[in-house]
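> predicted model follows, preceded by the sequence.
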Amino acid sequence: MKIGILGSGDVGKALARGFASRNHEVMIGSREPEKLQEFVIEQNGRVRGGTFEEAAKFGEVVAIATLFAGTKHAIDLAGPANFAGKPVIDCTNPLKFEEGKMPELSIGFDNSAGEEVQRWLPDSRVVKAFNIIGNQFMVDPQLPGGPPTMFIAGNDDGAKKMVTQLIESLGWQGAVSDLGGIEESRYLEPMCIVWVHYGMRTGSWDHAFKMLTK
Ligand SMILES: NC(=O)c1ccc[n+]([C@@H]2O[C@H](COP(=O)([O-])OP(=O)(O)OC[C@H]3O[C@@H](n4cnc5c(N)ncnc54)[C@H](OP(=O)(O)O)[C@@H]3O)[C@@H](O)[C@H]2O)c1
């Protein structure tokens with residue numbers, strides 16, 4: 001499958017490596033594709049670099065892994081028509097960073113990044129995923145308690161099924177949990193804050209959420 005990724009940061013690169021390792025064709029996008037040259041070379045031709053527009057056009061599935069404050073801009077640069085009809089994986093968290101303060105959410109309670117992305121891409125089938133897991137565990141998560149839980153949310157069952165299969169192929173077999181519609185992002189995004197604050201307090205980033213059931 002062809003997978004387009006918007007985002008040249010740690011998440012975009014982790015997903016690009018992961019999907020390429022499962023023999024998908026991957027294009028990763030940036031405002032400055034030239035800065036991806038080293039990464040592309042490191043991937044031995046298994047990942048292509050391009051603009052946001054090229055990556056969105058390329059993907060049959062498109063993942064959005066941009067800083068949330070720049071996500072609308074990235075989508076506008078990519079061209080919303082290039083996402084039309086496609087499953088779109090939204091990995092973003094609407095984080096607000098202020099000097100001397102713990103990160104907070106910039107929106108929430110009655111809104112979420114997942115819902116905003118779905119509004120910006122009304123003709124796409126947005127699935128929230130990967131937002132509560134550190135990039136180092138996005139592919140083949142190795143933790144003593146087994147794989148963590150990957151909660152997803154979205155309005156389209158077909159898109160959620162396809163995204164679930166993609167996530168499972170990255171080492172999350174049986175660990176994907178569907179919370180419901182995209183508005184469930186309102187509850188998933190605050191979980192990222194728990195993850196970040198725990199990391200800042202303990203100075204360790206090797207933690208992840210797992211739902212235990214009897
Ligand atoms: N880091 C993690 O472990 C982790 C885990 C779960 C979820 N997340 C979420 O995933 C997303 C990506 O995180 P990240 O750490 O990989 O990288 P990031 O630093 O949050 O985002 C990097 C990407 O955002 C783009 N960007 C920044 N400002 C922009 C603007 N004004 N207009 C257009 N694009 C802009 C950059 O574009 P250029 O390529 O052009 O510079 C780059 O591709 C974030 O929303 C984050 O909260 C992160």
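Cool, got the structure. Numbering: from 1, shown residues only.

> who in this protein is up against the ligand?
Proximity of the chain to the ligand, by CB under 6 Å from any ligand atom, involves residues 7-12, 30-32, 65-68, 70, 73-74, 91-93, 95, 130-131, 134-135. Placement of C-beta: from N, CA and C, glycine included.

> residues touching T66, list them.
Neighbour list for T66: 6-7, 9, 74, 92 [criterion: CB atoms under 8 Å, 6 or more residues apart in numbering].

> one more time with 6 Å
6-7, 74 (CB atoms under 6 Å, 6 or more residues apart in numbering).

> again, but for I5
12, 15-16, 28, 63.

> among those, which lie within strands?
The strands, defined by DSSP state E, take in 28, 63 from the contacts of I5.

> and the contacts of I5 as a markdown table, adding neighbour count, pLDDT and distance to N44?
Converted to a markdown table, the contacts of I5 look like this (neighbours: other CB atoms under 10 Å; pLDDT from 0 to 100; distance: CB to CB, whole Å):
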| residue | neighbour count | pLDDT | distance to N44 |
| --- | --- | --- | --- |
| G12 | 25 | 98 | 18 |
| L15 | 25 | 98 | 17 |
| A16 | 30 | 98 | 12 |
| I28 | 32 | 98 | 14 |
| A63 | 29 | 99 | 21 |
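
> which of the contacts of I5 lies closest to G114?
Of all the contacts of I5, G114 sits closest to A63, with 13.3 Å by CB to CB.

> using the three-state scheme, assign N23.
Here N23 is coil, with the state taken from DSSP: H, G, I helix; E, B strand; the rest coil.

> picking that back up, what subset of the residues of the chain next to the ligand is buried?
Using 16 or more other CB atoms under 10 Å as the burial test, the residues of the chain next to the ligand include 7-8, 11-12, 30, 65-66, 68, 74, 91-93, 95, 130-131, 134-135 as buried.
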